[in-house]
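Quick check, what structure comes out for this input:
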Amino acid sequence: MDLIQMSEEKESKSNSSKLDGSTVLVTGGAGFIGSSLVRQLEKKNCNIIVLDNLVAGTQDNLNGTRSSLIEGDIRNRELLREIMKIYAIDYCFHLAAEPYIPKGHQYPEKMFQTNTVGTLRVLETCKIACMHVGQLECLSKLK
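Predicted coordinates:
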């Protein structure tokens, strides 16, 4: 086994142990990519809370999962704080966004509010909740 394989194996084990059984918030979790992440996290026995405004995502994307869906806006500080507090969130995967680029030209303010201000709200809330902000987990490592 070479050093790269040893490093990958060690990283894989550490990611696995961090996520196993933890409570995870997935913003945008009712979208195509978010719902795929939810299914991968379920394999790690995570308790999954999905926050989605259901503009681009659908509740149907979460059919067959054990996740709890909260319909809401990532720009809502109070909602984010309540979710962190009530569910004692360990990790947050932030995937919520206004995804339609052509729409951004028509409605730049809405795109900015959701994608920029919304992301800031999520990061601020994670920081307040003493989560590890800036630590990125790669979907491919959740196998």
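
The protein: strands as residue ranges?
23-27, 47-52, 68-71, 91-94 (DSSP state E).

Serialize those strands to JSON lines and add fields for mean neighbour count.
No exception for glycine: its C-beta is placed from N, CA and C like everyone else's. Listed next are the strands of the chain as JSON lines, based on neighbours: other C-beta atoms under 10 Å:
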{"stretch": "strand 23-27", "mean neighbour count": "24"}
{"stretch": "strand 47-52", "mean neighbour count": "24"}
{"stretch": "strand 68-71", "mean neighbour count": "16"}
{"stretch": "strand 91-94", "mean neighbour count": "20"}
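
Out of the ones you listed, which is closest to L80?
Among the strands of the chain, strand 47-52 comes nearest to L80, with 7.7 Å by C-beta to C-beta.

Buried residues of stretch 20-38, list them for me.
22, 24-31, 33-35, 37-38 (16 or more other C-beta atoms under 10 Å).

One more: stretch 79-89?
79-80, 83-84, 87, 89.

So which of the residues you listed sit within helices?
With helices taken from DSSP state H, the overlap with these comprises 79-80, 83-84, 87.

Quick check: Q59 touching L69?
Yes: contact criterion C-beta atoms under 8 Å: Q59 and L69 qualify, at 6.2 Å.

Next, show the common contact partners of those two.
Common contact partners of Q59 and L69 (C-beta atoms under 8 Å, 6 or more residues apart in numbering): A30.

can you list the ones in helices among the buried residues of stretch 79-89 in a markdown table and add pLDDT?
Shown next, in a markdown table, are these (pLDDT from 0 to 100):
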| residue | pLDDT |
| --- | --- |
| L79 | 97 |
| L80 | 96 |
| I83 | 96 |
| M84 | 93 |
| Y87 | 94 |
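
The spatially closest residue to N53 that is not a sequence neighbour - how many residues pack around it?
Here the nearest residue to N53 in space, its sequence neighbours aside, is D73; by C-beta to C-beta, 6 or more residues apart in numbering that works out to 5.3 Å. For D73, the count of nearby residues is 16 (other C-beta atoms under 10 Å).
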